[in-house]
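J.: Below is the structure, and that's it, no one-letter string:
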């Protein structure tokens with residue numbers, strides 16, 4: 001993210017005002033709109049000392065760069081980047097950590113949807129590589145509907161090395177691959193676990209795949225060869241939830 005970024009959308013801004021109001025520099029709401037959803041934003045802003053400004057629809061569209069702002073735009077400080085050291089802290093304080101590894105996901109809409117799935121499934125954190133991956137942008141936050149401010153996202157320099165490290169502290173890593181011999185529903189997903197997902201089409205990169213403890217596939221009954229990564233992520237995470 002830039003030193004300052006625009007965040008837009010009711011759920012994304014509401015979550016930010018709830019979780020980290022100190023990041024909000026400016027807040028604009030649609031002039032003339034007074035419904036309950038915006039009143040809650042105003043209340044949160046007033047309680048946290050954030051000044052509310054009213055603006056015309058065209059002004060909000062310009063600030064959100066044509067994004068679906070829903071009448072709410074905020075100029076924000078970027079979130080503190082979480083690193084391998086922060087991941088270590090999480091692992092030490094979490095009993096049976098439940099992690100999601102995303103390898104090569106470059107579409108912000110897919111990352112946002114994965115964040116939303118992860119929050120719903122109770123995932124403790126998401127691990128992404130610094131290179132060959134989208135970061136948490138305003139679009140990601142909008143699609144995530146608030147989950148981007150709740151689920152920690154750890155950016156790591158060397159994904160395969162980080163995977164080996166979390167294995168050393170007892171986390172079992174299961175990767176997904178269409179050609180895997182065993183399927184998702186045969187896997188044991190109950191203990192300390194990380195599920196590794198690759199980008200749609202390309203799948204997991206070779207080094208990422210080799211760093212997994214085992215590989216599973218999602219049974220496919222139709223003619224399509226693969227699922228969108230956010231859909232596949234939801235399937236895998238909620239099978240783990242069912243077992244856990």
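T.: Happy to help now that I have it. Keep in mind the model is a prediction, meaning the values are calculated, not measured.

J.: tell me what the lowest-mean-pLDDT helix or strand in the chain is packed against?
T.: None of the helices or strands of the chain scores lower by mean pLDDT, DSSP states H and E than helix 138-144, at a mean of 83. Helices and strands touching helix 138-144, by 3 or more C-beta pairs under 8 Å, 6 or more residues apart in numbering; DSSP states H and E, are strand 5-8, helix 10-19, helix 108-121. Any C-beta I mention is one placed from the backbone N, CA and C, and that applies to glycine too.

J.: residues of stretch 212-232 that come out buried?
T.: Within stretch 212-232, the residues that count as buried by 16 or more other C-beta atoms under 10 Å are 212, 215-216, 218, 226-227, 229-232.

J.: Closest one of those to residue 150?
T.: Checking the buried residues of stretch 212-232 against residue 150 by C-beta to C-beta gives residue 230 as the nearest, at 16.9 Å.

J.: What's the end-to-end length of stretch 32-40?
T.: Using C-alpha to C-alpha, to the nearest Å, the end-to-end distance of stretch 32-40 comes to 15 Å.

J.: Oops, could you answer that again for stretch 80-96 instead?
T.: 25 Å.

J.: For it, buried residues please.
T.: For stretch 80-96, by 16+ other C-beta under 10 Å, it's 82, 84, 87, 91.

J.: from these, which ones fall inside helices?
T.: For the buried residues of stretch 80-96, the ones inside helices are 84, 87, 91, with DSSP state H as the criterion.

J.: How is this protein partitioned into domains?
T.: Following the TED database, one finds the domains of the chain at 5-76, 84-243.

J.: For the residue lying closest to residue 46 once chain neighbours are set aside, grab the count of nearby residues.
T.: Counting by C-beta to C-beta, 6 or more residues apart in numbering, residue 46 lies nearest to residue 52, which is 7.6 Å off, once chain neighbours are set aside. Burial measure for residue 52: 15 neighbouring residues, criterion other C-beta atoms under 10 Å.

J.: Am I right that residue 52 is in contact with residue 27?
T.: Yes - the pair formed by residue 52 and residue 27 meets the contact definition of C-beta atoms under 8 Å, at 5.4 Å.

J.: residues shared between the contacts of those two?
T.: 41, 45 (C-beta atoms under 8 Å, 6 or more residues apart in numbering).

J.: Just give the number of residues close to residue 37.
T.: 13.

J.: Can you pull up the most central residue in this protein?
T.: Ranked by distance to the mean C-alpha position of the chain (C-alpha atoms, centre = their mean), the top residue is residue 115 at 2.7 Å.

J.: per-residue confidence for residue 41?
T.: Looking at residue 41, its pLDDT stands at 94.

J.: contacting residues for it?
T.: Residue 41 touches 10, 13-14, 17, 27, 29, 52, 72, counting by C-beta under 8 Å, 6+ apart.

J.: related to what we said a few turns ago, contacts for whichever helix or strand comes after the least confident helix or strand of the chain?
T.: For helix 138-144, the succeeding helix or strand toward the C-terminus, using DSSP states H and E, is strand 153-156. Here strand 153-156 makes contact (C-beta under 8 Å, 6+ apart) with 81-84, 86-87, 90, 115, 125-130, 133, 135-136, 162.

J.: Could you do stretch 229-242 as well?
T.: Contacts to stretch 229-242, defined as C-beta under 8 Å, 6+ apart, come from residues 98, 100, 102, 105, 109-110, 113-114, 117-118, 121-123, 176, 184-185, 189-190, 193, 195, 197-200, 218, 226-227.

J.: now do stretch 62-81
T.: Residues contacting stretch 62-81 (C-beta under 8 Å, 6+ apart): 1-10, 13, 16, 20, 22-30, 33, 38, 41, 55, 60-61, 136, 138-139, 142, 149, 155.
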